[in-house]
Structure formats: structure tokens, C-alpha cells
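Student: structure for the following, please:
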Amino acid sequence: MKAHLPSDSSLPTPNEEARLHSTRLTQKIIQHLQQENNRMSFAEYMHSALYEPGLGYYTAGAQKLGAGGDFVTAPLLSPLFSLCLAHYCSNLLQDLPEKNILELGAGTGVMAKEMLLFLEQQALPVHYFILEVSADLRERQQRYLQQEIPHLFSRLTWLNTLPRDFIGVIVANEVLDALPVHLFHYQDHALYEVGVTENSGQLSFTEYPASAALCDAVAQLPLEDVAKIDYLSEINLQLPAFIHSLNDALKQGAMVFIDYGFDAHTYYHPHRTQGTLMCHYQHRAHGDVFFYPGLQDITAHVDFTALAQAGLACDLEVEYFSNQARFLLENGLLDFANNPSYSQSQQINTLTAPHEMGELFKVMVLTKGVYNASK
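Tutor: Next up is the predicted model:
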């Protein structure tokens, strides 16, 4: 989606309470801008829009996932997804001296429920940790899981920060796409950063010469010379630090990342001249990042080459990388859906078909001190 697309007139209008909430966040962002000479990077804006305490999309109380929210994730589409992931995690845990799982951003709690119910039949983890930045989502997860799996609830622990000396499996499903990104624009071979400014109370884009740090990072991308005539895209400068923090927390085990994205050569193909930035509002995807800040999700696809490089820089092993369809099929999808109903067949199609989630979504596993992880 083009980052500069105007708001789609078909987008639903939020109610008055929601609009007031968005206005408060917009005013907060404008205050930040006034302190910074009326300019901030897009990454700073995206961070405020998603994570501003009490006001951001992920830190306020509105429903985000499911039919009443803005988007649906694979665990909500079908329990088969969680069963396959649990099967893979079960194999990983067999080779570890401690059996723990840490889920980053547990959404509704559905995946945690399905995974624990599956692992109950294999070998339950000693702890199932959940690191959740949203206080509202944390409360919803606790209520849901207490009701759905009361006999396993004691296995669950919610964390405010990453643990230390963690041994086990870290699971991140659709987490990396919500990390703030920097926008850059090549025009006639000159590199500009695309930031955010304010005019007459309205937020808008602004361009200025890229910093040395951004120039250095973009110079590492596999961009063809022809693309540098007019090319808009994004880069996740926070990814290395994020993986470094996970690596610091992980004493032994694995990190399993599932998200939509590409390898770097596909991501920065010369024909992909508008990047991958997109917004989700009430199950509508669009490109207006300034549409009611705080009420919509803002995401960018994941550069899995950059993810692998970040892992290797931390001396992690890239144990596995494939698309979601292959990962699910390798981990028992058809066995779990033996003689599937029509509904299950539809779910399998959505999870695995190339034109649905099967090809766009990828799975990458980084390991530390784990052997035979792909068995």
C-alpha cells in the first residue's frame, strides 16, 4: 500500500468517544513535534500511534483482534495453526533441560490455550510465560484463559519485561510487523528520510536529507541502481536491538518467528516502489497512516534476511526458514485435520494456499545451544 494514499472514503467513521481518544493522541504527538522543531521520524510517529501509554493502538482498551476488531490472525482462523506450532515446540523442548514457553504478545489468548491443551497430551511446559505490553489485553487474556483452561492456569505467568537466563522456546506470531520502521525515499539517486510534521493541526509527511545512520543502513540493502530514481520503502532499524534483547534473555533454546514478509531481494525489488506499509481498521486494509491515530493498526512486512542477519550477529543459528504452508504441513497439519469438515478444509486453504497466507507468511527459527531442532 502506498504510504501517502488519502483515506479511503469507504472506511467506517469512528464513534464520538473513539474520535476523542484519537484527538488526545494526535495532540500528544503534536506536543512531541513542537519539542522537536516540528519534525519526527516515521518510526517515532509509529511508536506513538501504537504504543503511547494509555493512548496508543496496542496500549489502549479497544478490541483489536477477531470479528469485532481490525484484523484476524492465524490462531483465530483455526486451532490447526496452534496445534502445528505446539507440535514443533514440543520437539524443541525435548532437547532442553528446562521446559518453558514464552509467548510475545498473546492477543486474545487463543493460541496459548490451544498450545497448552496439545502439550498436555505430550509434556506440559513448567511455565508458559506471556509478555504483553497492553494492560487491557493482559486482563482479557487472564479472564479468557482462567475460564477456558482453569486446570492449566497455574502454568501461566504474565511478565512486564523479558526474563533473565530463560531456557525454552520464545514464540512471536505477528510481532515483528508491529515494530516501528523508518521510511526512506530515493529520488534521483539522493536519499531522503520521510518523517512526520504538523501543519494547522494536521499531521502529514515531510522529507529531509537522510542521516548518516540511515544512509549506512540503506546502503546495505540490495537495491538496484534503477530503483534509486524514485523509490519509497521502509527499513526496520530497531530489529537488531530487538533480537539482541531476546538473545540476552535466552540462555538456551529457540526463537520462533511467524510473520508476513520476504527475503531482502524480494522486499526491495525495483518494482516494489511504494514499500509495504499498511494500516488495518475494522477489517479494511488501506494506506492512510494518519487516519485517526490510535484507532488503527500500522504494520510493515518483515525483512527476513535482516532478521537472519540480526540473529547471526548474536551468534544464534538460523535453524529453519520456510513459508507457513510448508511449516504447517511438516508439523502435522493433515494429521490434525484427518477427514476434515468443510469448515476445516476452508481453514486449511486459508492457512496454506499461496494466494492466502501460505506463501506470504514465513517461519524463521533462531536457536542457541539446541541440536536436532528440525527433527
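Student: going forward, measure contacts between C-alpha atoms and count neighbours the same way
Tutor: OK.
Student: got the CA coordinates for the longest helix seen in the chain in PDB?
Tutor: When the chain is parsed with DSSP state H, its longest helix is helix 16-35. In PDB, the C-alpha atoms belonging to helix 16-35 read as follows (Å, rounded to 0.1, in the frame of the first residue of the first chain):
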ATOM      1  CA  GLU A  16     -17.500  10.100  19.100                       C
ATOM      2  CA  GLU A  17     -15.700   8.500  22.100                       C
ATOM      3  CA  ALA A  18     -13.200   6.900  19.800                       C
ATOM      4  CA  ARG A  19     -12.700  10.100  17.800                       C
ATOM      5  CA  LEU A  20     -12.000  12.000  21.100                       C
ATOM      6  CA  HIS A  21      -9.500   9.300  22.100                       C
ATOM      7  CA  SER A  22      -7.700   9.800  18.700                       C
ATOM      8  CA  THR A  23      -7.700  13.500  19.200                       C
ATOM      9  CA  ARG A  24      -6.000  13.200  22.500                       C
ATOM     10  CA  LEU A  25      -3.300  11.100  21.000                       C
ATOM     11  CA  THR A  26      -2.900  13.400  18.000                       C
ATOM     12  CA  GLN A  27      -2.500  16.300  20.400                       C
ATOM     13  CA  LYS A  28       0.200  14.300  22.300                       C
ATOM     14  CA  ILE A  29       2.000  13.700  19.000                       C
ATOM     15  CA  ILE A  30       1.800  17.400  18.100                       C
ATOM     16  CA  GLN A  31       3.300  18.200  21.500                       C
ATOM     17  CA  HIS A  32       6.200  15.900  20.800                       C
ATOM     18  CA  LEU A  33       6.700  17.600  17.400                       C
ATOM     19  CA  GLN A  34       6.700  21.100  19.000                       C
ATOM     20  CA  GLN A  35       9.500  20.000  21.200                       C
END
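Student: can you list the buried residues in that helix?
Tutor: For helix 16-35, burial by neighbour count (16 or more other Cα atoms under 10 Å) applies to Arg19, His21, Ser22, Thr23, Leu25, Thr26, Lys28, Ile29, Ile30, His32, Leu33.
Student: do stretch 199-214 as well
Tutor: So for stretch 199-214, counting by 16+ other Cα under 10 Å, buried means Leu203, Phe205, Thr206, Glu207, Ala210, Leu214.
Student: with stretch 157-164 instead?
Tutor: For stretch 157-164, the neighbour count (16+ other Cα under 10 Å) marks Leu162 as buried.
Student: and if you look at stretch 314-325?
Tutor: For stretch 314-325, the buried set under the neighbour-count rule, 16+ other Cα under 10 Å, comprises Cys314, Leu316, Glu317, Val318, Glu319, Phe321, Asn323, Gln324, Ala325.
Student: tell me which residues touch the last one, please.
Tutor: Remark: with contacts taken as Cα atoms under 8 Å, 6 or more residues apart in numbering, Ala325 is in contact with Leu351, Thr352, Ala353, Met357, Gly358, Glu359.
Student: what segments of the stretch 151-300 of the chain are helices?
Tutor: 212-219, 239-249, 264-267 (DSSP state H, counting those that start in this stretch).
Student: which one of the ones you listed lies nearest to Leu131?
Tutor: Across the helices of the stretch 151-300 of the chain, Leu131 has its closest neighbour in helix 239-249 (11.9 Å, Cα to Cα).
Student: need the contact partners of the longest strand anywhere in the chain.
Tutor: Looking across the chain with DSSP state E, the single longest strand is strand 250-262. Applying Cα under 8 Å, 6+ apart, the contact partners of strand 250-262 are 92, 96, 164-177, 267, 301-305, 324, 360-370.
Student: next: stretch 125-145.
Tutor: By Cα under 8 Å, 6+ apart, stretch 125-145 touches 58-61, 98-109, 113, 119, 153, 155-162.
Student: follow-up on the earlier one: what subset of the contacts of strand 250-262 is buried?
Tutor: Of the contacts of strand 250-262, these count as buried by 16+ other Cα under 10 Å: 92, 96, 166-177, 267, 301-305, 324, 360-368, 370.
Student: list the contacts for Phe153?
Tutor: Phe153 touches Leu145, Gln146, counting by Cα under 8 Å, 6+ apart.
Student: go with 6 Å
Tutor: Gln146 (Cα atoms under 6 Å, 6 or more residues apart in numbering).
Student: mind starting the numbering at 304 from now?
Tutor: Let's use 304 as the start, then, which means that last one is Phe456.
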